[in-house]
Every structure is written in C-alpha cells, then in structure tokens.
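**Student:** Fold the stuff below for me.
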Amino acid sequence: MDENKENWNEESIKIGHAGDIYVYKIKELELHILEKGSPGSIYLNVALALLPTAVALVASLVLTPPDSFWIAVGFTSTAIAFGFAGAVFLCLWFAGRNEAGRVAREIRERAEGDSARGRAPPP
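**Tutor:** Next up, the predicted model:
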C-alpha cells in the first residue's frame, strides 16, 4: 500500500457534476471563425489610433500656423488620409462586430431544428 502511495503524484483529479453536455455539429469554417474570433477588435484599435491622430494634426494646424505652405499641405493631407482610413476601419468594425455571435446563433438554431426532427437533444 505504501509503495502505491509513493508512485502516485501529489496531484489529484476531482470530478464534479457538470450538468448536461450538448454536442453541436459545426462546419470547418464556423470552427475557424469561432477560434479566430472577430477581427473587429483589431479594426477598432486601428480606428481609435487613426482618428485621434487626425484630430491632433488638424488641431496643431489650427493652433500653430506652419512656416511653409508645403508643411501645411503635408499636415492637411495626412490628417485627411488618417481621418478617412479611421472612418473606414470604424465602419469595418461596426459591420463585423458580432460575427462570432452570429455564427454561434446559427449553430444553436441548426441544433434546435435537428432536435425538432428528433435528431438531437434540445440545447
């Protein structure tokens, strides 16, 4: 008895009741979307970096007149480009912010449809 006790690791496995377990059939693309998550957070981060930079460039142009015409053109064009790119990334984030949630809803709805036909337990 003491020999077996020495061979065992100090760690132990405890199993508790987890309730019901449901298995959902999902497509490879759905699994990839759920694993990867939505790219919306990256789009939002980029938008939140570009838009304040554009505002800061405009503010610096307004508050401190540039010495040269070309510096003003550079600041203005950079501010317009950053503002436009930031707005595009903000729209991309807004359009795709719930992609993973949408995929999960589709999987659940498909499982509910299967359970109505008697093919799977209800989720």
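**Student:** Can you give the contact residues for stretch 55-63?
**Tutor:** Contacts to stretch 55-63, defined as CB atoms under 8 Å, 6 or more residues apart in numbering, come from residues 72, 75-76, 78-79, 82-83. C-beta coordinates here come from the backbone N, C-alpha and C atoms, glycine included.
**Student:** Contacts only, for the residue nearest the centre of the chain.
**Tutor:** Centroid check for the chain by CA atoms, centre = their mean gives residue 38 as the closest residue, at 3.4 Å. Contacts for residue 38 were tallied using CB under 8 Å, 6+ apart; they are 96-100.
**Student:** make it 7 Å
**Tutor:** Neighbouring residues of residue 38 by CB atoms under 7 Å, 6 or more residues apart in numbering: 96-97, 99-100.
**Student:** ok so, going back, now flag whichever of the contacts of stretch 55-63 is closest to residue 45.
**Tutor:** Set against residue 45, the nearest of those by CB to CB is residue 82 (14.4 Å).
**Student:** Read off the pLDDT value for the closest residue to the closest one other than its chain neighbours.
**Tutor:** Nearest residue to residue 82, sequence neighbours excluded (CB to CB, 6 or more residues apart in numbering): residue 54, at 3.9 Å. With respect to pLDDT, residue 54 scores 96.
**Student:** I am assuming residue 54 contacts residue 83, so please confirm or correct that.
**Tutor:** Yes - using CB atoms under 7 Å, residue 54 is in contact with residue 83, at 3.9 Å.
**Student:** From the contacts of stretch 55-63, list the buried ones, please.
**Tutor:** Buried members of those, counted by 16 or more other CB atoms under 10 Å: 75, 79, 82-83.
**Student:** Show me which pair in those residues is furthest apart.
**Tutor:** Farthest-apart pair in the buried ones among the contacts of stretch 55-63 is 75 and 83; separation 12.2 Å (CB to CB).
**Student:** which residues touch stretch 93-112?
**Tutor:** With CB under 7 Å, 6+ apart as the test, stretch 93-112 has contacts from 24, 26, 30, 33-34, 37-40, 43-44, 47, 120, 122-123.
**Student:** Extract the residue ranges of this structure that are flagged as low pLDDT.
**Tutor:** Counting by pLDDT under 70, the chain shows low-confidence ranges at 1-10, 114-123.
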